[in-house]
Structure formats: C-alpha cells, structure tokens
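S.K.: Fold the following, please.
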Amino acid sequence: MFVIELIYKVDLAQIDAAMKPHMAYLKAHYDAGTFLVSGRKVPRDGGIILAAGDDAAAIEAIVRADPFVARGLADYRIIQFRASQRAPDLPARLA
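M.R.: Presented below is the predicted three-dimensional model:
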C-alpha cells in the first residue's frame, strides 16, 4: 500500500486550470484498481491518494505521469506501508 502526497507549487488558479486532465488521470487509475481513495488536503495545498500495490517503482512512474506533477505544478512524496489492520466497516466509513 502507498500514501501519495501531492504538494502544490503554484497558485490554485493554475491547479484549477489543470483539474480536468488530473481528474481523468485519477479515473484511469481507479478503473485500473490502483487508486483506492483520494482527496484534497485541508488546507488546500495539495492532495492525498491511497494506492494499492507492492512495486514502488511502478507507483512512482504512475505519480510522475499525474498532470499536476508532469506539468511542474506539484511535487510529491510516496510512503509505502504494509496494511496490517483495518476497520471491519471500512466501506461504510468511506461512503
């Protein structure tokens, strides 16, 4: 499992202008089964993505393809962890 943190480097107007391709990127990786949950940080200075996988290099390649990262609008940090526990009602909590 991976926690991906995006850190915006530009003002929100530039982020918002690139939101449509970023959303298409997210959808593609949700459809592929890699991304599990994502959203904006509070305050809105970046975002968080929870991703499934065990290949750190593959996750890094996916993150580098994010339009925010590829266009130089955001930096990123990837944290790999082994999920050893979970809430039994996790789907309901995320709904």
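S.K.: Which residues are in contact with Ile48?
M.R.: Contacts for Ile48 (Cβ atoms under 8 Å, 6 or more residues apart in numbering) come out as Val3, Ile4, Glu5, Leu6, Ser38, Gly39, Lys41. Any C-beta I mention is one placed from the backbone N, CA and C, and that applies to glycine too.
S.K.: Can you check those and name whichever has the most neighbours?
M.R.: Counting neighbours by other Cβ atoms under 10 Å, the top entry in those is Leu6, with 24 neighbours.
S.K.: beta partners for it?
M.R.: Gly47, Tyr76 (DSSP bridges).
S.K.: how close does Val42 sit to Gly33?
M.R.: The gap separating Val42 from Gly33 is 27 Å, by Cβ to Cβ, to the nearest Å.
S.K.: tell me the SS of Ile59?
M.R.: Secondary structure assignment for Ile59 (DSSP: H, G, I helix; E, B strand; the rest coil): helix.
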